[in-house]
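Q: what's the 3D shape of this:
(one chain, ligands or ions: 2)
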Amino acid sequence: MDTINWSDLSFGYIKTDYNVRSYFKNGQWSKPVAETSEYLDIHMAATCLHYGQEAFEGMKAFRGKDGKIRVFRMRNNAERLQSSCRGILMQEAPIELFEEMVMMAIKKNERFVPPYESGASLYIRPLLIGTSAQVGVSPANEYTFIIFVTPVGPYFKEGFKPTPMVILREYDRAAPQGTGTFKVGGNYAASLTAGDKAKKLGYSAVLYLDAREKKYIDECGPANFFGIKDNTYITPKSESILPSITNKSLMQLAEDIGLKVERRQVPVEELSTFEEAGACGTAAVISPILRIDDLSENKTYQYCKDGKAGPISEKLYNKLRSIQYGDEADTHGWVTIVE
Ligand code: PLP
Ligand code: COI
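A: Ligands and ions are numbered 1, 2, ... in the order given. Have a look, this model is predicted:
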């Protein structure tokens, strides 16, 4: 603990003091308890292990200049976890339980919330899994809901510097009408091979196209996509992408600074018309895209010609971060202060 260099953190796991757990059994969720063990003791036939009954969330808490800790859009994450649970037939965690457990997890690990000056934050990872034994394919009747936290820095090593991404047409992440709109582990398992290939080729992420026609932009492996042109913020509408809370926030902030906002299908060819492009998410915040290579088509789309993020991406990034750290008024009611 004494050795954490806050300004040098990457997006990784660092052990903290406590995690918080609640168990669903006999039709009800237990009162949450704080645990020090990082391990779970579960049945070898648990549905999470065999049939992917697993959903998770990702959110962040920030320490402000005033020393206060702020959690960003907690309720939206609680609601999205419920949606993921409905998507793969798991027991939903009540919103109040989610919020109580997030608060407990932060307070119990307060010494791990990075200082304001570091630009780092506390990543909060809620996880809900089916734990009872089933050999036939059917949902569990017992569940474990656990929240752990870990201090993090930027997801992509470049931070807010432009980073290259790649289209690999031979891979899909999620099918239309499949589980792409839910935050479930299977989607990430499906992205590992392509992600690994992209990294080996020197890219920081894969930009997926719609799986049905390969005509439209879907999203990046761990983040949504947006493009900027003609004073307009444009982001894909698709039935196979995660409804990103960061993206939703950026659409609002874009409107606030006078941009038009379009959420619609984005044809791949439109990439050549954007003045700026970026990936957005809790972990990624905004990662400006330097270049997108569509490898099998032999096409390259170049942004950030001077190696710097575009002016609108920068403005949106600064605005979002200012609200998260409490430097700017939270006019949309996105922030919960940890009392
Ligand atoms: N898309 C995917 C596949 C993600 O894993 C994430 C991260 O949570 C996002 C988008 C961004 O969502 P959010 O802004 O809610 O973190
Ligand atoms: C997040 O942004 O919170 C994510 O979950 C992305 C990735 C770490 C899976």
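Q: ok, which stretches of the stretch 201-339 of the chain are helices?
A: Taking DSSP state H, counting those that start in this stretch, the helices of the stretch 201-339 of the chain run over residues 245-256, 311-325.
Q: ignore what I typed, I meant the stretch 51-200 of the chain.
A: 74-87, 95-108, 185-189, 192-200.
Q: can I get those in a markdown table including distance to ligand 1 and mean pLDDT?
A: (C-beta placed from N, C-alpha, C; glycine too.) Shown next, in a markdown table, are these (distance: least, CB to the nearest ligand atom, whole Å; pLDDT from 0 to 100):
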| stretch | distance to ligand 1 | mean pLDDT |
| --- | --- | --- |
| helix 74-87 | 7 | 98 |
| helix 95-108 | 15 | 98 |
| helix 185-189 | 7 | 97 |
| helix 192-200 | 11 | 98 |
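Q: among the ones you listed, which comes closest to Ser244?
A: Closest of the helices of the stretch 51-200 of the chain to Ser244 is helix 74-87, at 9.5 Å (criterion: CB to CB).
Q: chain center to that closest one, what's the gap?
A: How far helix 74-87 lies from its chain's middle: 13 Å, per CA atoms, centre = their mean, to the nearest Å.
Q: got the contact list for the closest residue to Gly185 other than its chain neighbours?
A: Nearest non-adjacent residue to Gly185, counting by CB to CB, 6 or more residues apart in numbering: Glu54, 4.2 Å away. Glu54 is in contact with Cys48, Ile88, Leu127, Leu128, Ile129, Gly130, Val184, Gly185, Gly186, counting by CB atoms under 8 Å, 6 or more residues apart in numbering.
Q: closest residue of the stretch 51-200 of the chain to ligand 1?
A: Gly58 (4.6 Å; CB to the nearest ligand atom).
Q: what's opposite Ile292 in the beta bridge?
A: Ile292 forms beta bridges with Met165, Tyr301, as assigned by DSSP bridges.
Q: neighbours around the nearest residue to Tyr155 once chain neighbours are set aside, how many?
A: Among residues not flanking Tyr155 along the chain, Ala283 sits closest, at 3.9 Å (CB to CB, 6+ apart). Around Ala283 there are 18 other residues, counting by other CB atoms under 10 Å.
Q: what do you get for Ile124?
A: Ile124 has 24 nearby residues by other CB under 10 Å.
Q: and if you look at Lys237?
A: 11.
Q: re earlier: report the beta-bridge partners for the residue nearest to Gly185.
A: Bridge pairing for Glu54 - DSSP bridges - gives Ile129.
Q: what's the distance between it and ligand 2?
A: 13 Å (CB to the nearest ligand atom, to the nearest Å).
Q: same thing with Ala174?
A: 13 Å.
Q: Thr181 too?
A: The value you get for Thr181 to ligand 2, if CB to the nearest ligand atom is used, is 14 Å.
Q: check contacts around that residue.
A: Ser83, Gly87, Glu239, Ser240, Ile241, Leu242, Pro243.
Q: ok, the fifth one - how many residues close by?
A: Which is Ile241. 23.
Q: what's the separation between the closest residue to it other than its chain neighbours and ligand 2?
A: Spatially, and ignoring its direct neighbours in sequence, Ile241 is nearest to Glu219 (4.3 Å; CB to CB, 6+ apart). Glu219 sits at a distance of 11 Å from ligand 2 (criterion: CB to the nearest ligand atom).
Q: mind checking how far Glu219 is from ligand 1?
A: 5 Å.
Q: for that residue, what are its contacts?
A: So Glu219 contacts Arg173, Leu207, Tyr208, Phe225, Pro236, Ser238, Ile241, Leu242, Ser244 (CB under 8 Å, 6+ apart).
Q: so the first one makes contact with Cys220?
A: No. At 9.4 Å, Arg173 does not count as touching Cys220 under the criterion of CB atoms under 8 Å.
Q: any common contacting residues for the two?
A: The contact lists of Arg173 and Cys220 share Val206, Tyr208, where a contact means CB under 8 Å, 6+ apart.
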